[in-house]
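Enquirer: next comes the sequence, and after it the predicted model I'd like to discuss.
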Amino acid sequence: MPPTPGLAAASEAVLGMHPYMVTTAIVCAVFAAVILIWFLWRKPVLTGPVKLVLLFGFGVFPIASAASGNVAGFEHTKHRRFCGSCHVMGPYRADAENLQSVSLAAVHARNEEFGDDNCYECHQDYGAFSTIMTKLGGMRHVYEYYTHYHKVDVKTALDEIELYKPFANASCMRCHSGQGKVWLAVPDHHSGVEDVRSGRVSCVGQGCHGPAHPFSKPKHQLTKKEPAP
Amino acid sequence: MTQARLLQALRISAVAALLALALMIWGVLDPHPISLVIAMSVGQMLGTASFVVFLAVVFFDLRSANVFGNVVRRFSDKPRA
């Protein structure tokens, strides 16, 4: 029977990715816990020094632990490992990690500018508060997963899963500005640059560079269930 | 509020803070969607609430010892130049 990845494996992975933040969070939490357990165990009278010690147990160490834990948590949510932790995202992750794949997602995953964060780099919202807005939007993914897709098999999920809104060309144009000579030298780029900028033509459209994943398809091509006779 | 009740409130919030720390560390060590959401919502709310209770207990304790009154009196008794 193959070993199932447990907490130990997950901890090792997280420690490897964000060692300082995770260590700070754990050390501060341990210090806070020691103070709080001491307070509960010894039941000291509330003198000035006790209050000062408790300030560290209730405030300073937990706040430091939460802050560093939040940073580590937010950073971890950018990783492909996190995106692929829901089983319905498994094929997307597998494709991105497949060195033989020539899909747009896989090609970008092999670019070191994207690397392990390739899902986030392409799907993040464009704007000043992109990280926060993306993570808030991600709450809908969590809701959808735990209320619906949790029990759906991968094949069905691949048929059903789609983007909530069309993929924004701005996400591509963060890197491919559309002003470089090499980019403009492509005839289709040159003639359609205004359509690309305005969003009338999608970079990941069927006739251009899409689909980004081998199994992603436009909404109208999704498998339609025939009504029962 | 009596010293005994203050201590009781502080002990309850200490237990809540320990629970909050456990949830936050769970989110760090096992970062899956549900653990992160719980750590960043329930965990941090519990932690914040316990810290607020601690600050309130300290405030009530200082007020019962009339520390604030003494500070005000000390400043108001200062002779003017």
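Expert: Looks like it arrived, so ask away. Numbering: from 1, shown residues only, chains lettered A, B, ... in the order given.
Enquirer: please make it C-alpha for all contacts and neighbour counts, starting now.
Expert: Will do.
Enquirer: any regions of chain A where pLDDT drops low?
Expert: The model of chain A has pLDDT under 70 over residues A:1-17, A:127-128, A:217-229.
Enquirer: pull the longest helix from it.
Expert: As assigned by DSSP state H, the longest helix anywhere in chain A is helix A:19-42.
Enquirer: can you list the helices and strands that that helix packs against?
Expert: Contact partners of helix A:19-42 among helices and strands, from 3 or more Cα pairs under 8 Å, 6 or more residues apart in numbering or on different chains; DSSP states H and E: helix A:7-17, helix A:48-55, helix A:61-76, helix B:3-29.
Enquirer: which residue is nearest the middle of chain A?
Expert: In chain A, the residue lying closest to the centroid (Cα atoms, centre = their mean) is A:Lys78, at 3.8 Å.
Enquirer: quick one: is stretch A:148-156 near chain B?
Expert: No - using Cα under 8 Å from any Cα of the partner chain, stretch A:148-156 never reaches chain B; the gap is at least 12.0 Å.
Enquirer: got the contact list for that stretch?
Expert: A:86-88, A:157 (Cα atoms under 8 Å, 6 or more residues apart in numbering or on different chains).
Enquirer: what's the burial count for the residue in chain B positioned nearest to chain A?
Expert: Closest to chain A within chain B is B:Leu29: 4.7 Å, counting by Cα to the nearest Cα. Number of residues near B:Leu29 (other Cα atoms under 10 Å in any protein chain shown) recorded here: 24.
Enquirer: with A:Lys135 instead?
Expert: A:Lys135, neighbours per other Cα under 10 Å, totals 17.
Enquirer: same question for A:Leu99.
Expert: So A:Leu99, with other Cα under 10 Å, has 12 neighbours.
Enquirer: hmm, it is touching A:Ala106, no?
Expert: Yes - using Cα atoms under 8 Å, A:Leu99 is in contact with A:Ala106, at 7.4 Å.
Enquirer: next, give me the two most distant ones among the contacts of stretch A:148-156.
Expert: Farthest-apart pair in the contacts of stretch A:148-156 is A:Cys86 and A:Ala157; separation 11.3 Å (Cα to Cα).
Enquirer: of the helices and strands packed on helix A:19-42, which is nearest A:Cys172?
Expert: Nearest to A:Cys172 among the helices and strands packed on helix A:19-42 is helix A:61-76 (21.5 Å), distances taken as Cα to Cα.
Enquirer: just confirm yes or no for whichever helix or strand comes after that closest one near chain B.
Expert: Where DSSP states H and E defines the elements, the next helix or strand beyond helix A:61-76 is helix A:80-83. Yes - for helix A:80-83 and chain B, the contact criterion (Cα under 8 Å from any Cα) is met by A:Phe82.
Enquirer: who's in contact with helix A:80-83?
Expert: Against helix A:80-83 from outside (Cα under 8 Å, 6+ apart): A:76-77, A:89, A:93, A:116-120, B:31-33.
Enquirer: out of those, list just those in strands.
Expert: Secondary structure from DSSP state E places none of the contacts of helix A:80-83 in strands.
Enquirer: okay if I get those as JSON lines plus distance to A:Gly59 and neighbour count?
Expert: What follows is the contacts of helix A:80-83, written out as JSON lines (distance: Cα to Cα, whole Å; neighbours: other Cα atoms under 10 Å in any protein chain shown):
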{"residue": "A:His76", "distance to A:Gly59": "25", "neighbour count": "22"}
{"residue": "A:Thr77", "distance to A:Gly59": "26", "neighbour count": "20"}
{"residue": "A:Met89", "distance to A:Gly59": "39", "neighbour count": "17"}
{"residue": "A:Arg93", "distance to A:Gly59": "40", "neighbour count": "23"}
{"residue": "A:Asp116", "distance to A:Gly59": "35", "neighbour count": "18"}
{"residue": "A:Asp117", "distance to A:Gly59": "33", "neighbour count": "20"}
{"residue": "A:Asn118", "distance to A:Gly59": "37", "neighbour count": "24"}
{"residue": "A:Cys119", "distance to A:Gly59": "36", "neighbour count": "23"}
{"residue": "A:Tyr120", "distance to A:Gly59": "33", "neighbour count": "18"}
{"residue": "B:Pro31", "distance to A:Gly59": "24", "neighbour count": "25"}
{"residue": "B:His32", "distance to A:Gly59": "26", "neighbour count": "20"}
{"residue": "B:Pro33", "distance to A:Gly59": "26", "neighbour count": "23"}
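Enquirer: next, give phi and psi for A:Ala212.
Expert: Here is the backbone geometry of A:Ala212 (degrees, to the nearest 10): phi -70, psi -40.
Enquirer: and it, what does it touch?
Expert: For A:Ala212, the contact set (Cα under 8 Å, 6+ apart) comprises A:103-105, A:204.
Enquirer: let's see that with 6 Å instead.
Expert: For A:Ala212, the contact set (Cα atoms under 6 Å, 6 or more residues apart in numbering or on different chains) comprises A:103-105.
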